[in-house]
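K.L.:
coordinates only, sequence not included:
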């Protein structure tokens, strides 16, 4: 294995699990999350030699992941490829507590663009400006999509399951 392949393999081993978690939050299905991560890392590998700033790789891969997810939603891939029932798509690892399942199911019901903003802002802890740059939109759009996404989550979650209080952000 050459230096290029070794460096890529090391990066993949170190970061693929974190990216898989982000992908799961986007799509709500562990198998699709795996496919999204695989696609993102394949695209990264194709340009690996042209990347000179390896300190920004996480942001770059995250951007590929988000764009791949949104592109698939636009093309309707999720409608054609859906096999099995709703329960199969929304299962979480067996060690997850019940409130996590409820939150993940609610997040899966949030429209894709709003979900992408929520994942970037609150899971990945990106600033409004960083999320806007990653999504290719204005900071105002990120703010409005985040507000709408949080509103959708609030309406989907009962007060007993959500840690989200009305007005708390």
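P.N.:
Received the coordinates, thanks. None of the values given here were measured: they were computed from a predicted structure.
K.L.:
for the helix ranked longest in the chain, packing partners?
P.N.:
Ranked by residue count under DSSP state H, the longest helix found in the chain is helix 3-27. For helix 3-27, the elements it packs on are helix 30-47, helix 57-75, helix 98-108, helix 112-118, judged by 3 or more C-beta pairs under 8 Å, 6 or more residues apart in numbering; DSSP states H and E. C-beta coordinates here come from the backbone N, C-alpha and C atoms, glycine included.
K.L.:
Least confident of the ones you listed, on average?
P.N.:
Mean pLDDT values for those show the minimum at helix 98-108, a mean of 80.
K.L.:
the inter-axis angle of that one versus helix 3-27?
P.N.:
90 degrees (axes from the mean of the first three to the mean of the last three C-alpha atoms, to 10 degrees).
K.L.:
Show me the domain layout of the chain.
P.N.:
Residue ranges for the domains of the chain, per automatic domain parsing: 1-91, 92-169.
K.L.:
sorry, back to before: which one, of the helices and strands packed on helix 3-27, ends up nearest to residue 141?
P.N.:
Closest of the helices and strands packed on helix 3-27 to residue 141 is helix 112-118, at 8.3 Å (criterion: C-beta to C-beta).
K.L.:
Mind giving me the packing neighbours of that closest one?
P.N.:
Against helix 112-118 (3+ C-beta pairs under 8 Å, 6+ apart) you get helix 3-27, helix 57-75, helix 98-108, helix 128-135, helix 139-156.
K.L.:
Same list (the ones you listed) but as TSV, adding mean neighbour count and distance to residue 120.
P.N.:
Listed next are the helices and strands packed on helix 112-118 as TSV, based on neighbours: other C-beta atoms under 10 Å; distance: least, C-beta to C-beta, whole Å:
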stretch	mean neighbour count	distance to residue 120
helix 3-27	16	9
helix 57-75	18	7
helix 98-108	17	13
helix 128-135	18	4
helix 139-156	17	8
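K.L.:
which residues touch the residue nearest to residue 123 when sequence neighbours are not counted?
P.N.:
Leaving aside its chain neighbours, residue 123 sits nearest to residue 25 (5.5 Å; criterion: C-beta to C-beta, 6 or more residues apart in numbering). For residue 25, the contact set (C-beta atoms under 8 Å, 6 or more residues apart in numbering) comprises 104, 107, 115, 119, 123.
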